[in-house]
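>>> 3D model of this:
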Amino acid sequence: MAKVVVVGGGWAGSGAALAAAQAGAEVVLLERTDMLLGTGLVGGIMRNNGRFTATEEAIAMGGGKIFQAVDGVARHKNIEFPGHKHATLYDVAKIEPQIRRLLREEGIEIRLKSRVTDVKMVGPGVIGAVVTEDGEEIEGDVFVEATGTAGPMGNCKKYGNGCAMCILRCPTFGPRVSIAAKAGVKEFMGQKADGSIGAMSGSCKLHKESLSKEIVDKLDRDGVVVVPIPGHLRKEGALEMKACQQYALKEFAENIVLLDTGHAKLMTPFYPLDMLRQIPGFEEARYEDPYAGGIGNSMRYLAISPRDNCLKVEGMENLFCAGEKAGLLVGHTEAIVTGLLAGHNAVRKTRGQELLEIPTSLAIGDAIAYVNEQMKTEEGRRKKYTFSGSVYFERMKEKGLYTTDVEDIRMRVEAAGLTNVFLA
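The predicted model follows:
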């Protein structure tokens with residue numbers, strides 16, 4: 001039986017592990033912290049705008065179990081907030097145990113607090129094993145890197161507003177280490193619109209209990225609260241720094257937009273606490289994540305791997321990438337679908353089969369190919385891409401790829417010959 005080692009247990013790594021297991025491989029999933037899902041522990045938004053299409057494509061291709069697990073802990077379904085329709089909000093407090101159970105039921109070995117710091121090469125472009133910080137060598141036939149592109153702390157200080165003590169918890173569990181870079185691959189960085197390096201994580205979380213009863217009741221009932229910001233309390237320029245450019249709309253600059261993900265998700269990368277507390281209903285507001293959400297958030301897109309449209313890392317024979325490592329694709333859905341493809345292709349590689357490149361007749365395939373093309377230009381590296389808004393969602397609509405007609409999506413997948421391909 002082929003052995004696939006997935007490094008990084010966020011949404012991308014979880015998707016990769018699931019797909020590799022479904023394809024019949026022995027799978028080991030290594031995560032440096034004590035929980036899976038990474039930023040998915042504080043995210044919570046699914047199916048908004050074009051993510052609905054991408055989700056249903058992935059389900060039709062056989063990747064449905066992970067999305068079913070998300071739906072099982074949804075707090076709200078089919079909600080709207082500025083610029084976004086038919087969103088699902090999952091409970092960030094319940095999602096991690098749900099995904100952990102799913103992966104273990106699939107026979108995946110999950111090893112937490114297993115930070116990979118090096119690789120052992122056995123030939124040109126061939127990794128024989130990854131090495132953990134305590135010196136253990138974990139061998140595999142093929143590897144999937146889903147380590148993300150944020151951190152360490154020094155990068156948040158260098159390119160952002162400083163370490164914000166975020167969900168990534170670099171001080172506690174050690175910083176991200178790039179497997180591709182350790183293998184000799186020259187990676188690249190994303191940029192902000194002004195050309196500076198990186199992008200700031202897209203939102204903060206507030207303790208619900210620190211907000212007024214009126215706000216909490218509305219959040220629990222409707223899933224969304226929009227509170228106008230007095231003109232003198234609006235902060236300028238923060239939206240342009242966001243990784244999540246689908247939320248860089250004027251409505252998010254002129255209003256406090258909160259979403260109910262268990263916590264109150266504040267749709268801005270930071271907001272000075274003294275200003276926030278001047279807004280009615282927020283007089284006692286407190287940040288849940290990051291703890292320093294009044295001044296900043298984590299910086300991302302600092303280590304992206306060059307790859308082909310099958311998600312194999314360029315210059316490597318047995319290394320695939322997913323999630324942020326695969327490019328400037330932003331979001332949970334984007335991470336999951338790239339993870340599914342990377343994990344599936346990892347098993348194909350061990351069998352000597354032709355790797356799967358999802359055709360551009362599907363949104364997932366078009367996004368993977370389009371982002372790969374755009375990342376090769378300086379202008380393209382200054383943009384962020386997502387199924388849910390900004391540049392790529394507009395492209396989806398222009399190409400007729402965006403639809404909420406589930407039967408139509410299934411027919412497209414069938415026409416591409418990919419129905420249940422991730423189960424093969």
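>>> show me what contacts L328?
Residues counted as contacts of L328 (C-beta atoms under 8 Å, 6 or more residues apart in numbering) are 190, 301, 304, 371, 374-375, 380-381, 383-385. To be clear about C-beta, it is placed using only N, CA and C from the backbone, and glycine gets the same treatment.
>>> Can you check the pLDDT for it?
Note on L328: pLDDT of 93.
>>> Relative to I179, how far out is it?
19 Å (C-beta to C-beta, to the nearest Å).
>>> Over to Y90?
From Y90 to I179 the distance is 29 Å (C-beta to C-beta).
>>> if you count what's nearby, which of these two comes out ahead?
I179 (29 against 26; other C-beta atoms under 10 Å).
>>> A367 versus that one, what's the distance?
In terms of C-beta to C-beta, I179 sits 23 Å off from A367.
>>> just curious, which of the contacts of L328 is nearest to I229?
The closest of those to I229 turns out to be K384 (C-beta to C-beta; 23.9 Å).
>>> Hmm, Q191 and the closest one touching each other?
No: judged on C-beta atoms under 8 Å, K384 makes no contact with Q191 at a distance of 9.9 Å.
>>> burial measure for G389, as a count.
Neighbours around G389, by other C-beta under 10 Å: 24.
>>> Over to it: give its phi and psi.
phi 170, psi -170 (degrees, to the nearest 10).
>>> Just say helix, strand or coil for Q278.
coil (DSSP: H, G, I helix; E, B strand; the rest coil).
>>> quick revisit: give me the subset of the contacts of L328 that lies in helices.
371, 374, 380-381 (DSSP state H).
>>> most surrounded residue in these?
V371 (23 neighbours).
>>> Might one say that that residue is in contact with E324?
No: applying C-beta under 8 Å as the test, V371 and E324 come out as separate, 11.2 Å apart.
>>> Looking at the contacts of L328, which one is closest to E334?
The closest of the contacts of L328, once distances to E334 are taken by C-beta to C-beta, is Y385, at 8.0 Å.
>>> Find residues that contact each of K384 and Q191.
199, 301.
>>> Number of residues surrounding the nearest residue to A87 once chain neighbours are set aside?
Nearest non-adjacent residue to A87, counting by C-beta to C-beta, 6 or more residues apart in numbering: N48, 3.8 Å away. When neighbours are defined as other C-beta under 10 Å, N48 has 27 of them.
>>> One more: the one 4 residues further on?
Here the number of neighbours of F52 (other C-beta under 10 Å) works out to 25.
>>> you'd agree it is up against T404?
Yes: here F52 reaches T404: they are 5.3 Å apart, a contact under C-beta under 8 Å.
>>> Give me the common contacts of those two.
Joint contacts of F52 and T404 (C-beta under 8 Å, 6+ apart) are H86.
>>> Give the residue farthest from the middle of this protein.
What lies farthest from the middle of the chain is H232; by C-alpha atoms, centre = their mean that is 33.9 Å.
>>> where in this structure is pLDDT low?
236-249 (pLDDT under 70).
>>> Domain map for it?
Taking automatic domain parsing as the reference, the chain has its domains at 3-195+299-423, 201-289.
>>> Single out the most deeply packed of those.
domain 3-195+299-423 (a mean of 21; mean count of other C-beta atoms under 10 Å).
>>> Between the two ends of that one, what distance do you get?
End-to-end span of domain 3-195+299-423 (C-alpha to C-alpha, to the nearest Å): 17 Å.
>>> for it, the distance to its chain's centre please.
6 Å (C-alpha atoms, centre = their mean, to the nearest Å).
>>> got a list of what the closest residue to G9 other than its chain neighbours touches?
With sequence-adjacent residues excluded and distances taken as C-beta to C-beta, 6+ apart, G9 is closest to E31, at 3.1 Å. Counting by C-beta under 8 Å, 6+ apart, E31 touches 8-9, 13, 110-114.
>>> contacting residues for the closest residue to K312 other than its chain neighbours?
Closest residue in space to K312, ignoring its immediate chain neighbours: F320 at 5.4 Å, by C-beta to C-beta, 6+ apart. Remark: with contacts taken as C-beta under 8 Å, 6+ apart, F320 is in contact with 16, 142-145, 307, 310-313, 342-343, 345-346, 349.
>>> same deal with R32?
Counted by C-beta under 8 Å, 6+ apart, R32 has contacts 8, 113-116, 173-174, 176.
>>> switch the cut-off to 7 Å
Contacts for R32 (C-beta atoms under 7 Å, 6 or more residues apart in numbering) come out as 114-115, 173-174.
>>> can you check D141 too?
2-4, 318, 350.
>>> Could you verify my assumption that V126 touches V313?
No: look at V126 against V313 with C-beta atoms under 7 Å: they stay out of range, at 11.9 Å.
>>> what does stretch 280-289 contact?
For stretch 280-289, using C-beta under 7 Å, 6+ apart, the contacting residues are 42, 166-167, 204-207, 210-212, 214-215, 227, 263, 273, 276-277, 293-294.
>>> Narrow those residues to those in strands?
Taking DSSP state E as the definition of strands, the contacts of stretch 280-289 contribute 204-206, 227.
>>> could these go into CSV alongside distance to E80?
Output for the ones in strands among the contacts of stretch 280-289, formatted as CSV (distance: C-beta to C-beta, whole Å):
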residue, distance to E80
C204, 21
K205, 21
L206, 21
V227, 16
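>>> Thank you, goodbye.
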